[in-house]
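>>> Quick one, what's the 3D model for this:
(one chain, ligands or ions: 1)
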Amino acid sequence: MCADFTRIRRFLDERDPPTPCLVVDTDVVGARAAEFRAAFPGALIRYAVKANPAPPVLDALVAAGIGFDVAGPAEVARCLERGAEPAGLAYGNPIKKPRDIAFAHDRGVREFTSDAATDVDHLGRYAPGCAVSIRVVLDAPDSVTPFGRKFGCDPAEALDLVLRAAALGLRPGIAFHVGSQQPALGAWEIGIATAAKLFAEAGAQGVGMTRLNLGGGFATAHRTGVPSLAAYAATIESALGTHFPDGRPELLLEPGRVLVADAGLLRTEVVLVADRGERRWVYLDIGRYNGLAEAENEAIAYRFEPVETPAGPAGPVVLAGPTCDGDDVLYRRTPYELPLSLRAGDRLDLPGTGAYTASYASVEFNGIEPLRTYCLGKWGDA
Ligand SMILES: *Cc1c(COP(=O)(O)O)cnc(C)c1O
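Alright, predicted model coming up:
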């Protein structure tokens, strides 16, 4: 999809809300959801709420018939409040307290993910009879924002957990997540091969599995291109054909950023431009703590487009946030150039920022309020 931010820019120009702010077009969210469904016919789709939990975004997805991947009680409650069906919720966070499991189960959630024996035992006790996908860690290329070893168990342990879950009366399946913003299509092939092996091994021990959770990770374009949804779907389809020749498992997908990133645009104001020795520093009113957390390690390199600065010669800059924290620097190594005429008070647009921005903003570090979101379109509130 080629994102078009005309409507958002018109809103910003007409309403001129204080910066920084994020504007999300809920019609684009709905359209993206429809595209995703079309790319993966028959799969159960569970939007990862943490990418952007704004109620109008959830409303657009409920209307599109999408379910939700929730990480805890607050996300369970919010999705139900917006009209999601409990049966369409998947509790995808392997890190949870027994009372969180009980809360979700009490509200009708019947699908969980786990990667440790203690958590499987908790599920057996507090979510009896539920579906549980055992998350396996992959020997696959790192994504742009990898999970490292925080989640997932080795295949050998995954098999033990599958058998343990079955013995407790749970309905086991397999899950993996290739890491967020994963442009390497081969990662899904590795995941599906790993899962197929576990399906076969569990089957040999009398435990039949039907459900495969492919997680999220579908990338969105910022300064460089990424594979299309069609390319991701073709790879997954071909890997399923190769590794599950005797019949496909039922698929569950947990897209986050790919459903919302291109529906949003963030506007920021230049607070200060300062020449410091060799380098020109541009300080913005948006930084690591009020929306651009994914600039950590310069992992996600957003686009910065001047709003009013006339075209002219440009030069290299370091981009930094507004707070009194030495780590609140956005890009020091990643090469960025901005017009030499850029001044304090000028504004910049960051297109494609509907995911993992507002939801990452701190409450009042240095007294700065969380990133304000305005939602446009059919489900909008602005
Ligand atoms: C964050 C998360 C996702 C979504 O990942 P994206 O890269 O945004 O698609 C899906 N599943 C789980 C379990 C997650 O934690």
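>>> mean confidence score for stretch 219-237?
For stretch 219-237, mean pLDDT rounds to 97.
>>> Buried residues, that stretch. List them.
The neighbour-count check on stretch 219-237 (16 or more other CB atoms under 10 Å) flags 219-222, 226-227, 229, 232-233, 235-236 as buried. C-betas here are computed from N, CA, C, even on glycine.
>>> Stretch 356-372 now?
Quick answer for stretch 356-372 (16+ other CB under 10 Å): 356-362, 365, 368, 370-372.
>>> Mind exporting the C-alpha coordinates of that stretch to CSV?
Extracted C-alpha coordinates of stretch 356-372, given in CSV (Å, rounded to 0.1, in the frame of the first residue of the first chain):
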residue,chain,number,x,y,z
TYR,A,356,4.4,2.2,18.8
THR,A,357,4.5,6.0,19.3
ALA,A,358,1.6,7.2,21.5
SER,A,359,1.5,3.9,23.4
TYR,A,360,5.2,4.3,24.3
ALA,A,361,5.0,7.9,25.6
SER,A,362,5.8,8.5,29.3
VAL,A,363,3.2,10.1,31.6
GLU,A,364,5.1,13.3,32.6
PHE,A,365,8.8,13.0,32.3
ASN,A,366,10.0,16.6,32.6
GLY,A,367,6.3,17.5,32.9
ILE,A,368,5.8,16.7,29.2
GLU,A,369,2.3,15.1,28.6
PRO,A,370,1.8,11.9,26.8
LEU,A,371,1.6,12.2,23.0
ARG,A,372,-1.9,13.5,22.0
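>>> what's next to it, contact-wise?
Residues outside stretch 356-372 that contact it (CB atoms under 8 Å, 6 or more residues apart in numbering): 17-18, 20-22, 50-54, 256-257, 261, 264, 266, 286, 289-294, 300, 322-325, 373.
>>> So which of these are in helices?
Arg257 (DSSP state H).
>>> What about the ligand: which of the contacts of stretch 356-372 touch it?
Near the ligand, taking CB under 6 Å from any ligand atom as the test, the members of the contacts of stretch 356-372 found are 50-51, 256-257.
>>> Give me the PyMOL select line for those residues, limited to the buried ones.
Of those, the buried ones go into a single PyMOL selection, burial set by 16+ other CB under 10 Å:
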select buried, resi 50+51+256+257
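>>> related to what we said a few turns ago, check the buried residues of stretch 219-237 and tell me the two furthest apart.
Pairwise distances across the buried residues of stretch 219-237 peak at 23.2 Å for His222 and Ile236 (criterion: CB to CB).
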